[in-house]
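Give me a model of this one.
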Amino acid sequence: MVNPWAGEVEIWLDGAAHSAKLTLGALAELEETLGASSMIALIERFEGGSFSSRDVMAVLVAGLRGGGWAGGMDEFLAAELRGGPVQAAHLAAQLLGRAFRSDGV
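Purely as a prediction, here's the structure:
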């Protein structure tokens, strides 16, 4: 079970639940993967609605890795995500929101 107060989000891959969290290390990895110059630039990209499906997948992979998942983008692409593309966008938004909120969930 995930703890939303700790910034965690539950992601189901291939029928198994995984805890995802954007740790500082995961955020640094995400910045590099997406070519963002800063965390603020990363957030502005999503808030402005100028994100791509690749961006969403990168957020999910970074969050999964922050939660202890040993996979990478290749494993993520080969997995079945419960809920499909709409759920993927929702989960990415939850991860980002929980990582940057100062008042909890």
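
Every contact and neighbour count from this point should use C-alpha atoms.
Will do.

Run through the strands of the protein in chain order.
9-13, 16-20 (DSSP state E).

got the angle for the longest helix seen in the chain vs strand 9-13?
If you go by DSSP state H, the chain has its longest helix at helix 84-100. Computed by axes from the mean of the first three to the mean of the last three Cα atoms, to 10 degrees, the angle separating helix 84-100 from strand 9-13 equals 150 degrees.

and helix 84-100, which residues are buried?
88-89, 91-99 (16 or more other Cα atoms under 10 Å).

related to what we said a few turns ago, which stretch among the strands of the chain is buried most, on average?
Most buried of the strands of the chain, by mean neighbour count (mean count of other Cα atoms under 10 Å): strand 9-13, with a mean of 20.

quick check: mean pLDDT across it?
For strand 9-13, mean pLDDT rounds to 97.

Can you show me the helices along the protein?
Under the criterion DSSP H, the chain contains helices at 24-34, 39-47, 53-66, 73-78, 84-100.

Which among the strands of the chain is found nearest to residue 84?
strand 9-13 (10.3 Å; Cα to Cα).

quick one: the closest one to strand 16-20, angle?
Using the same axes, to 10 degrees, strand 9-13 lies at 140 degrees relative to strand 16-20.

Tell me how far strand 9-13 lies from the chain's centre.
Centroid separation for strand 9-13 versus its chain: 10 Å, with Cα atoms, centre = their mean, to the nearest Å.

then it to CSV, C-alphas only?
Provided in CSV are the C-alpha atoms of strand 9-13 (Å, rounded to 0.1, in the frame of the first residue of the first chain):
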residue,chain,number,x,y,z
VAL,A,9,1.5,6.8,-6.1
GLU,A,10,0.5,3.3,-6.9
ILE,A,11,1.2,2.1,-10.5
TRP,A,12,0.1,-1.3,-11.8
LEU,A,13,2.4,-2.9,-14.3
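
quick one on the thing from earlier: with distance to residue 80 and pLDDT as extra columns, can I get the buried residues of helix 84-100 in JSON lines?
Formatted as JSON lines, the buried residues of helix 84-100 follow (distance: Cα to Cα, whole Å; pLDDT from 0 to 100):
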{"residue": "88", "distance to residue 80": "11", "pLDDT": "96"}
{"residue": "89", "distance to residue 80": "15", "pLDDT": "92"}
{"residue": "91", "distance to residue 80": "14", "pLDDT": "96"}
{"residue": "92", "distance to residue 80": "16", "pLDDT": "94"}
{"residue": "93", "distance to residue 80": "19", "pLDDT": "90"}
{"residue": "94", "distance to residue 80": "19", "pLDDT": "93"}
{"residue": "95", "distance to residue 80": "19", "pLDDT": "94"}
{"residue": "96", "distance to residue 80": "22", "pLDDT": "91"}
{"residue": "97", "distance to residue 80": "24", "pLDDT": "89"}
{"residue": "98", "distance to residue 80": "24", "pLDDT": "91"}
{"residue": "99", "distance to residue 80": "25", "pLDDT": "88"}
